[in-house]
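Chemist: with the sequence up front, the predicted model follows.
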Amino acid sequence: HFLFNSLNSISALVVSKPDEARKMTQQLSDFLRGTLKKEDQLVKLSEELEHLKLYLDIEKVRFGHRLNVEFNTNEESLNAQLPSLLLQPIVENAIKFGLYDITGDVTISISAKMQTPYLHIEIKNPFDPETKRAKEGIGFGLSSIQRRLYLLYARQDLLLTEKKENIFITT
């Protein structure tokens, strides 16, 4: 889904903003190359965030100033390890439910801290509780992350979601 959206955005930019189209093509190439190179099952959070930023750069071309992302981490959390490519589907979900259903600017918050011995990551996004999507609950992206964590750690409690007013929180 992300790949098709990116290619459609590049196609739209080719005529009107060719420099932007070239830049987005390079960003998409870097993102996909990084995805294919993820041989190690565990990576440092700092590496995962760098890869996530490539993804976000592409999405910012699509959504412009409407998409804002805040990162709140510290040195200890940045050195902690987690399964590679874990955060991108969660952030993609936050964008889908935040930006698609809200007309104004949206800020997605990503925070990480150590709660010894665990790395605790929290992703927050606003959502419109009146939309059909918001009422459907956990979708394919989050359920696949939950399944992956279960296969790696044999625990069902490593991915949690909650709604507080108009904020969706994935932990």
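Modeler: Arrived safely, thanks for sending. Numbers count the residues shown, from 1 in each chain.
Chemist: what residue ranges in this protein score low on pLDDT?
Modeler: For the chain, applying pLDDT under 70 flags the ranges 1, 34-40, 131-139.
Chemist: let me see the ranges of the helices in it.
Modeler: Using DSSP state H, the helices found in the chain span residues 2-16, 18-36, 45-63, 75-79, 87-99, 132-136, 140-153.
Chemist: buried residues of the second one, list them for me.
Modeler: Using 16 or more other C-beta atoms under 10 Å as the test for burial, helix 18-36 gives Ala21, Lys23, Met24, Thr25, Gln27, Leu28, Phe31, Gly34. Yep, even glycine has a C-beta here, placed from its N, CA and C like the rest.
Chemist: list of residues touching it?
Modeler: 3, 6-7, 9-10, 13-14, 51, 54-55, 57-58, 61, 85 (C-beta atoms under 8 Å, 6 or more residues apart in numbering).
Chemist: centroid-nearest residue for this protein?
Modeler: In the chain, the residue lying closest to the centroid (C-alpha atoms, centre = their mean) is Val91, at 2.0 Å.
Chemist: that one and Ile110 touch, don't they?
Modeler: Yes - using C-beta atoms under 8 Å, Val91 is in contact with Ile110, at 7.1 Å.
Chemist: common neighbours of these two, please.
Modeler: Joint contacts of Val91 and Ile110 (C-beta under 8 Å, 6+ apart) are Leu52, Val69, Ile123.
Chemist: among those, who's most crowded?
Modeler: Among the shared contacts of Val91 and Ile110, Leu52 has the most neighbours (other C-beta atoms under 10 Å), with 23 neighbours.
Chemist: where's the nearest residue in space to it that is not next to it in sequence relative to Leu56, distance?
Modeler: Take Leu52 and drop its neighbours on the chain: the residue closest to it by C-beta to C-beta, 6 or more residues apart in numbering is Leu87, 5.3 Å away. Distance from Leu87 to Leu56, counting by C-beta to C-beta, to the nearest Å: 10 Å.
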